[in-house]
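Predicted model, plus sequence, below.
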Amino acid sequence: MAQSATERDQQPCKVAVFTTRSETLCGRMKAEKKIKVKCLDPNHAWQLFKENSDGDVLSSDKGINSCAQELAKECAGLPLALITVARVMLGKNSWELWKDALHQIRDKHEWTTIDLSEEDSVVMYKAFKLSYDSLENDSIRECLLCCALWPEDYEIHKFKELIPCWIGCGIIHEFNVINDTFIKGCSYLEALLAASLLEQSLNVGIITRLDM
C-alpha cells in the first residue's frame, strides 16, 4: 500500500550521531552539524576531581591539596582526564608522590616524542600514560595492551573473549587450575577498571575498550 505524503512526513527521521575529540575527524566524516561540547570551567573541574579523590587525603596536607589543584588544572577541564588522574592518585598519602605525578604530567620533553595535533588528545594521552605507569605490574600493563586487538569503543565479553585472550597470550600462566586462572584475570581486570583504562558496560560481563 502506497503511503501518503502526510504519512511519510510523520515518520521519524533517522539521524546518526557520533562523538569525537578530534575536529579533523568531524571533517573527514562530513558531519552536517557540529556541536562543540565545552570543557568544564575550573570550579566544576576541581569539584569533579575531588569527587573522584580521597577527601581525607586532600584535606590532610596543604601541599597535597595544592598539588591536586595543579593536577586538576593540567586536565584542562576534560571530564575523563580529571576522573582518570584523580583515581590514579587514590591511596597515595604522601606529598612526594603527588609532586612526582605533577612533574610527570608536566614533563614537556616526554610529550615532544609523540605526534598529537589536537590539544585535547595531548591532555588525554598524559592522563592515560600516568594511569598506565601507575599500574601495579607489567602483567596488568600487558593485559591492557592486548585490548588493542579490538576496535575502539568495542564491547568485549570478559569471560568469552578478554580473559581467554590473556591466557592464550601467556600473560596469565602460573596456575594449573582454570578457575584460579580466571580469578587472577578478574583481579587484573578490576585493576584496569579502577584505573579508568577500561570501562564496565551496562551489559553484564561486557567490558568496553575506551577510545585512547
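That came through fine.

Wait, residue 163 touches residue 187, no?
No: Residue 163 is beyond contact range of residue 187, at 10.6 Å (criterion: Cβ atoms under 8 Å). Using the backbone N, CA and C atoms, a C-beta is placed for each residue, glycine as well.

Compare those two (neighbour count), which wins?
Set residue 163 next to residue 187 and count neighbours by other Cβ atoms under 10 Å: residue 163 wins out with 24 against 12.

Which elements pack onto the strand or helix carrying that one?
Taking DSSP states H and E as the definition, one finds residue 163 inside helix 163-168. For helix 163-168, the packing partners by 3 or more Cβ pairs under 8 Å, 6 or more residues apart in numbering; DSSP states H and E come out as helix 138-146, helix 178-194.

could you dump the ones you listed to a markdown table with distance to residue 106 and mean pLDDT?
Below are the helices and strands packed on helix 163-168 laid out as a markdown table (distance: least, Cβ to Cβ, whole Å; pLDDT from 0 to 100):
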| stretch | distance to residue 106 | mean pLDDT |
| --- | --- | --- |
| helix 138-146 | 23 | 94 |
| helix 178-194 | 24 | 91 |
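
can you tell which of those is closest to residue 77?
helix 178-194 (23.2 Å; Cβ to Cβ).

now the strands for the protein?
For the chain, the strands defined by DSSP state E occupy 155-157, 198-200, 206-209.

what lines up beside the last one in the sheet?
What that stands for is strand 206-209. strand 155-157 (antiparallel), strand 198-200 (antiparallel) (DSSP bridges).

can you pull the pLDDT of residue 112?
If you check residue 112, the pLDDT there is 55.
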